[in-house]
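Engineer: Show me the folded form of this:
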Amino acid sequence: MFSSTTAILTTFVALTTASPLIPRAGGPVIKPIPSTCTITNPLPTATAFVPALPSGEQPLYSAYYPSPSTNKTQLAEQCLQQCYGYGDSTECHAAYWAENVAVPEGFRGAGNMMTACVLFTRPLTESDFEDAPEGQATDAYTRNLAC
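Structural biologist: Numbers count the residues shown, from 1 in each chain. Presented below is the predicted three-dimensional model:
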């Protein structure tokens with residue numbers, strides 16, 4: 001009896017520790033970008049703009065949240081670092097960050113103004129953006145990432 005209980009327990013422990021981990025919910029990890037990557041700005045002079053992607057094209061990842069800090073530079077850089085931290089660090093090619101962005105339908109808090117971090121599967125160009133409505137998308141930041 002003792003040896004069969006031990007065998008069952010040992011088998012259970014071996015199987016549970018050998019099985020792959022289930023991915024956790026949450027956003028991409030903030031991962032430092034190596035110096036071998038190239039970061040470019042597709043909009044060097046604009047300060048209030050929003051993505052206006054072609055019909056049917058969706059971002060890779062979007063997050064809308066109350067701003068956790070007054071350090072906007074750090075928050076924008078962390079959004080870009082999340083782009084690098086997405087998946088195996090080759091899937092995301094652009095990040096957009098701004099405050100006072102209208103949360104789109106389908107997201108919690110739809111219609112409210114929040115801070116946005118939006119990631120894309122391809123580099124963005126000037127034609128991917130439009131001017132933001134007055135008072136929206138303040139301190140907008142976008143960067144393309146090539147690694």
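Engineer: quick one: Arg143 from Pro42, how far?
Structural biologist: Distance, Arg143 to Pro42, using Cβ to Cβ, to the nearest Å: 8 Å. Where you see a C-beta, it was placed from the backbone N, CA and C, and this is true even at glycine.
Engineer: Repeat that for Pro59.
Structural biologist: Going from Pro59 to Pro42 by Cβ to Cβ gives 15 Å.
Engineer: Might you list the low-confidence residue ranges for the chain?
Structural biologist: 1-25, 44, 46 (pLDDT under 70).
Engineer: which residues of it fall in strands?
Structural biologist: With strands called from DSSP state E, the chain shows them at 38-40, 49-51, 61-65, 94-102, 113-120, 129-131, 138-146.
Engineer: In TSV, list those along with mean neighbour count and distance to Gln78.
Structural biologist: Shown next, in TSV, are the strands of the chain (neighbours: other Cβ atoms under 10 Å; distance: least, Cβ to Cβ, whole Å):
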stretch	mean neighbour count	distance to Gln78
strand 38-40	13	14
strand 49-51	20	19
strand 61-65	18	11
strand 94-102	24	8
strand 113-120	23	8
strand 129-131	14	21
strand 138-146	19	11
